[in-house]
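Visitor: need coordinates for the following:
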Amino acid sequence: MNPCPCGHLGDRNKACRCSSAQIQRYQIKISGPLLDRIDIHLDVPALKTDDLLNAPSGESSETIRARVLTARERQLERFKGEDVFANTQMSHRHIRKHCALDKAAQKLLKDAVETLGISARAHDKILRLARTIADIDGADTINTGHLSEAIGYRTLDRTST
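Guide: Numbering: from 1, shown residues only. Below is the predicted model:
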């Protein structure tokens with residue numbers, strides 16, 4: 001979805017011409033309960049042509065694929081014997097068991113919930129996503145970096161409050 005009716009809110013290359021009221025009306029068309037059901041929402045700004053042509057190559061698809069497959073194996077092992085095969089399917093009981101947070105991470109999540117007005121459903125989505133990020137990172141526990149990244153993938157929670 002575009003961030004506003006003209007599509008340029010937050011664009012570095014073109015100014016948004018929408019009023020605050022237009023933006024608010026546009027964004028509330030998608031209800032909170034619907035947004036809560038979407039795992040990841042983030043802003044993807046338009047790139048300048050020079051940025052596209054001169055972009056560094058980054059990691060190869062094979063390297064990324066290997067990390068993702070390893071993370072999927074971790075998840076399959078974690079849920080062996082259960083009717084769950086991926087972190088996205090975790091129930092609240094599974095989240096309590098597999099997404100334990102240390103004090104610093106608990107404080108970060110509490111602050112995010114209070115500051116952004118995150119719902120209980122979005123809270124659980126963030127924890128599931130943080131668990132997946134930790135799995136991709138090869139970590140047994142979720143750290144504040146994993147949690148921070150997961151919170152960062154909830155941009156519509158930030159703009160809707």
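Visitor: for residue 125, see how far away residue 75 is.
Guide: 16 Å (C-beta to C-beta, to the nearest Å). Backbone N, C-alpha and C define where each C-beta goes, glycine included.
Visitor: out of those two, which sits in the busier spot?
Guide: With neighbours defined as other C-beta atoms under 10 Å, residue 75 and residue 125 compare such that residue 125 has more, 24 against 21.
Visitor: surely the more buried one meets residue 36?
Guide: Yes: using C-beta atoms under 8 Å, residue 125 is in contact with residue 36, at 7.0 Å.
Visitor: just the strands in this protein please.
Guide: Under the criterion DSSP state E, strands are not mapped anywhere in the chain.
Visitor: in it, where is pLDDT below threshold?
Guide: 31, 156-161 (pLDDT under 70).
Visitor: recalculate using a threshold of 80.
Guide: Filtered on pLDDT under 80, the chain yields the residue ranges 1, 28-38, 41-47, 155-161.
Visitor: show me where it has its helices.
Guide: 20-27, 32-36, 49-53, 61-78, 92-98, 103-116, 120-137, 144-152, 155-159 (DSSP state H).
Visitor: deepest of those helices, which one?
Guide: helix 120-137 (a mean of 21; mean count of other C-beta atoms under 10 Å).
Visitor: so what secondary structure elements neighbour it?
Guide: helix 32-36, helix 61-78, helix 92-98, helix 103-116, helix 144-152 (3 or more C-beta pairs under 8 Å, 6 or more residues apart in numbering; DSSP states H and E).
Visitor: mind saving the C-alpha coords of the shortest one as CSV?
Guide: The reference is to helix 32-36. What follows is helix 32-36, C-alpha atoms only, in CSV (Å, rounded to 0.1, in the frame of the first residue of the first chain):
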residue,chain,number,x,y,z
GLY,A,32,-6.0,-2.2,12.9
PRO,A,33,-7.1,-5.8,13.2
LEU,A,34,-6.3,-6.4,9.5
LEU,A,35,-2.8,-4.8,9.9
ASP,A,36,-2.2,-7.0,13.0
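Visitor: distance of the residue nearest the centre of the chain from residue 87?
Guide: Of all residues in the chain, the one closest to the mean position by C-alpha atoms, centre = their mean is residue 153, 2.7 Å from it. Going from residue 153 to residue 87 by C-beta to C-beta gives 14 Å.
Visitor: that concludes my questions; thank you for your assistance.
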